[in-house]
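Chemist: I would like the atomic coordinates for the input below:
(2 chains)
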Amino acid sequence: MNEPGIIPLIQTRVPQQREPDGTEVHAPAVPSVIRNFLRAKSSGRIADGAFAGVMVLCALSIFAIVVLIVFVLVSDSRLSIHASGWKFFTGQIWDPVSGDFGALPFIYGTVVSSLLAVVMAVPLALAVSIFLLDICPKFLRGPISFLTELLAAIPSVVYGLWGVFVLVPIIRDQVGPVLEKYLGWTGFFVEPNFGVGIFTASVILAIMIFPVISSISRDVMRAVPVNQREAALALGATRWEMIRISVLRNARMGIVGSVILGLGRALGETMAVTMVIGNHPDIVKNLFAPGYTLASVIANEFTEATGDLYLSALIEVGLALFLVTIVVNAVARLLVWAVTRGNTAGAH
Amino acid sequence: MGSLPVRSKGMERLLTLRRSGTDYVVTGVAILSTVVVLVPLVAILGYLIYKGASSLNLAFFTHAPVPVEETGGGMANAIAGSGVILGLASLLGIPLGIGAGVYLAEYARGTWLGAAVRFTADVLNGVPSIVMGIAAYSLIVAKQHHFSGLAGGVALAIMMVPTVARTTEEMLATVPNPVREAALGLGIPKWRTVISVSLRTASPGIITGCMLAFARVAGETAPLLFTAFGNQFWNFNLNQPIAALPLQIFVYAISPYDEWHRLAWAGALVLIVMIMVSVTLVRIFANRGALKGGH
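Modeler: Numbering: from 1, shown residues only, chains lettered A, B, ... in the order given. The predicted structure is shown next:
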């Protein structure tokens, strides 16, 4: 019983088999707890099978969720799909009162604000990733990456609140006039600028997707084998050349993946955008003008949608958003996997 | 091949100068970008704490909202409502997520079904939260013909599943195989091994994952807009519209009243503190976990 290596689980109580003087008696083997357990094979098999089955069901529930979402979205938007057809995506007029449902202004607003956000966030995110990986002194690395993770933890509605009361006035009074003065000739930044509009929404989106792009691109860059870096340095490359030749080039697919993931986040972002974009379905070149996005039209009009067709049109907007983000995310995930697959173990 | 470029010493030095110059410039740009990124973060947090703390009072935690003309009132019912919805979401989402994670890590390593589930979970993770709201609306609210806390909880639960599943899988993957083999070698059946050995060893990490998923949905507003809907009064009945902190912040933020703006800031601070505390707790938890040096 006190032999090393025997864990308490298989202790078998056999007190009677000891003689008073302590010598051990080799009694016919008393079935141990474990042997009993193993003998009860059938029950074990049932339990094993049942457990595995429950786990499989849990895993399959993820498929079920996706299928269920697609099913309810399609079946509930059928009315609108029949009524509008493809015109739904090309129509420029959204007028629930007269029954005109054209989602193009929302698509435009979504695409423009998201792309602009990506353009603003990507260079910063990559620069920060490079800084944290290769330049930053070790003692700063933890705190800075923790801070950038905090950015991701702030809820959308709080960004919106901050946007309404802090960012909008700044864009209106400080940033707007400067952009108008120097870039007004392009037609993208034209007064009047009320502070709420596509540009402000993009700035908020850029802040919100920055942590996504930064953390995933950092993971991808970290997955580049150390040999590659050492080889470049050994050939006499400077730090930047090492980063450019070995890190960025090897990780480029994954970096693109991280950017697309950020884009996916921006496309579906709802609350913060709804609060600062102005909510006006127009297609104009001016970025200071108010716009509207797919997600924010759902957020704003869903609860007040009167009539089945109106509601159905809004659900079709949701369906479009769902399909687009599914495709965008699938592409991004594949790209990220292509880089990090098999590398995660020896990454650090 | 005869014309290898012959470089003078001066040119050589110039080239080196240019290369190291580029290096310095890039380093500078990287440092500058980091500073530029940290500024809005500090600005947001600082302003939030300043505004929130100056408008927070005891009534915020003890009173339900009051009509516009009256001062005072708070968001106690919204905090409670959030608790109810999040509790329901965790109850539904976490077991499902852990189960899926166990399947991925313990039963489906290297199988195509596992890869498909993993991929679907990752993609589902990126689906906009408002779409989850529509799905819950169509499934529950439209059938029942009224908004309910139940629908809100279901919408949030759906969002928790993929996050919990993937972190559970990752954490289980860090449990060394010999530990499992030792258990199986003792004749312990697989289900018992999974529960008492694998899950138990990885539990700090799995708790971390659950808390992160919780923190993520705690601030969600979009899926609650037309499921839980919000409520100005106390309600604990899951079959009725129920208030939630993020929803209340949204409604107050876009209202035209200064008093409501004040409450919105206070609510935002409370929400952030709740989320930050859970994330920080998670960090402490994770660092003390048995598998700190997992990989």
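
Chemist: in chain B, which residue is closest to the centre?
Modeler: What sits nearest the mean C-alpha location of chain B, by Cα atoms, centre = their mean, is B:Arg216, with 2.0 Å.

Chemist: contact partners for B:Val251?
Modeler: Going by Cβ atoms under 8 Å, 6 or more residues apart in numbering or on different chains, B:Val251 touches B:Gly230, B:Trp260. No exception for glycine: its C-beta is placed from N, CA and C like everyone else's.

Chemist: please report how far it lies from A:Ile298.
Modeler: Relative to A:Ile298, B:Val251 is positioned 17 Å away (Cβ to Cβ, to the nearest Å).

Chemist: next one: A:Gly163
Modeler: 19 Å.

Chemist: again with B:Val273
Modeler: To A:Ile298, B:Val273 is 30 Å away according to Cβ to Cβ.

Chemist: compare these two (neighbour count), which wins?
Modeler: Per other Cβ atoms under 10 Å in any protein chain shown, whichever of B:Val273 and A:Ile298 has more neighbours is A:Ile298, with 26 against 14.

Chemist: now do the SS call for that one.
Modeler: Following DSSP: H, G, I helix; E, B strand; the rest coil, A:Ile298 is assigned to helix.

Chemist: quick one: it from B:Val123, how far?
Modeler: 20 Å.

Chemist: list the contacts for whichever residue of the stretch 1-150 of chain A sits closest to chain B?
Modeler: Closest residue of the stretch 1-150 of chain A to chain B, Cβ to the nearest Cβ: A:Cys58 (2.7 Å). Applying Cβ under 8 Å, 6+ apart, we find A:Cys58 in contact with B:Pro95, B:Leu96, B:Gly97, B:Ile98, B:Gly99, B:Ala100, B:Val102, B:Tyr103, B:Ala165.

Chemist: I figured A:Tyr108 was touching A:Gly291, is that so?
Modeler: Yes - between A:Tyr108 and A:Gly291 there is a contact under Cβ atoms under 8 Å: 7.4 Å.

Chemist: ok, back up a step: for the residue nearest to the centre of chain B, give me phi and psi.
Modeler: B:Arg216 has phi and psi values of phi -70, psi -40 when expressed as degrees, to the nearest 10.

Chemist: secondary structure element for the closest residue in space to it that isn't next to it in sequence?
Modeler: Excluding its sequence neighbours, the residue lying closest to B:Arg216 (Cβ to Cβ, 6 or more residues apart in numbering or on different chains) is B:Thr163, at 6.4 Å. Taking DSSP states H and E as the criterion, B:Thr163 maps to helix B:149-173.

Chemist: state the mean pLDDT of the helix or strand just after that helix.
Modeler: Using DSSP H and E, the helix or strand that follows helix B:149-173 towards the C-terminus is helix B:177-185. Over the span of helix B:177-185, the pLDDT mean works out to 90.

Chemist: quick one: list the elements packing against the longest helix anywhere in chain B.
Modeler: The residue-count maximum for a helix in chain B (DSSP state H) belongs to helix B:9-55. With contacts defined as 3 or more Cβ pairs under 8 Å, 6 or more residues apart in numbering or on different chains; DSSP states H and E, helix B:9-55 has these neighbours: helix A:104-130, helix A:138-153, helix A:156-162, helix A:239-242, helix B:258-288.

Chemist: looking at those, which is buried most?
Modeler: Ranked by mean neighbour count under mean count of other Cβ atoms under 10 Å in any protein chain shown, the helices and strands packed on helix B:9-55 are led by helix A:156-162, which reaches a mean of 27.

Chemist: what helices and strands are in contact with that helix?
Modeler: helix A:198-222, helix A:271-276, helix B:9-55, helix B:245-253, helix B:258-288.

Chemist: could you work out which of the ones you listed reaches nearest to B:Thr193?
Modeler: Ranking the helices and strands packed on helix A:156-162 by proximity to B:Thr193 (Cβ to Cβ) places helix B:258-288 first, at 23.9 Å.

Chemist: could you give the angle of the closest one to helix B:9-55?
Modeler: Angle, helix B:258-288 to helix B:9-55, by axes from the mean of the first three to the mean of the last three Cα atoms, to 10 degrees: 120 degrees.

Chemist: elements contacting helix B:258-288?
Modeler: Short answer (3+ Cβ pairs under 8 Å, 6+ apart): helix B:258-288 packs on helix A:138-153, helix A:156-162, helix B:9-55, helix B:58-62, helix B:203-218, helix B:245-253.

Chemist: so which of the ones you listed comes closest to A:Ile207?
Modeler: Closest to A:Ile207 of these, according to Cβ to Cβ: helix B:9-55, at 5.6 Å.

Chemist: where in the stretch 151-295 of chain B is pLDDT low?
Modeler: B:283, B:285-295 (pLDDT under 70).

Chemist: residues from it in reach of chain A?
Modeler: Contact residues, the stretch 151-295 of chain B versus chain A (Cβ under 8 Å from any Cβ of the partner chain): B:158, B:161-162, B:165, B:186-187, B:189-191, B:194, B:215, B:218-222, B:225-226, B:229, B:246, B:249-250, B:253-254, B:261, B:264-265, B:268, B:271-272, B:275-276, B:279, B:283, B:295.

Chemist: give me that answer again for 6 Å
Modeler: Counting by Cβ under 6 Å from any Cβ of the partner chain, the residues of the stretch 151-295 of chain B close to chain A are B:158, B:187, B:189-191, B:219, B:221-222, B:225-226, B:246, B:249-250, B:253, B:264, B:268, B:275, B:279.

Chemist: burial check on the closest residue to B:Trp265 other than its chain neighbours, number of neighbours?
Modeler: Among residues not flanking B:Trp265 along the chain, B:Lys51 sits closest, at 4.1 Å (Cβ to Cβ, 6+ apart). Per other Cβ under 10 Å, the neighbour tally for B:Lys51 reads 21.

Chemist: same thing with B:Pro246?
Modeler: 28.

Chemist: and the helices and strands packed on helix B:258-288: which comes nearest B:Ala116?
Modeler: Nearest to B:Ala116, of the helices and strands packed on helix B:258-288 and by Cβ to Cβ, is helix B:203-218 at 20.9 Å.

Chemist: next, the angle helix B:149-173 makes with the strand or helix carrying B:Ile130.
Modeler: Here B:Ile130 sits within helix B:129-136, counting by DSSP H and E. Counting by the same axes, to 10 degrees, helix B:129-136 lies at 120 degrees to helix B:149-173.

Chemist: so does helix B:129-136 get close to chain A?
Modeler: Yes - against chain A, helix B:129-136 shows contacts by Cβ under 6 Å from any Cβ at B:Ile130, B:Val131, B:Ile134, B:Ala135.

Chemist: most neighbours among those residues, which one is it?
Modeler: Scoring those on neighbours with other Cβ under 10 Å, the highest-scoring entry is B:Ile134 at 32 neighbours.

Chemist: now the helices: where do they sit in the stretch 1-150 of chain A?
Modeler: Ranges of helices in the stretch 1-150 of chain A, per DSSP state H, counting those that start in this stretch, are A:33-39, A:41-76, A:78-84, A:87-90, A:104-130, A:138-153.

Chemist: let me see the contact set for the closest residue to A:Gly257 other than its chain neighbours.
Modeler: The shortest distance from A:Gly257 to any non-neighbouring residue, by Cβ to Cβ, 6+ apart, is to A:Leu335 (3.1 Å). Contact analysis of A:Leu335 by Cβ atoms under 6 Å, 6 or more residues apart in numbering or on different chains lists A:Met253, A:Val256, A:Gly257.
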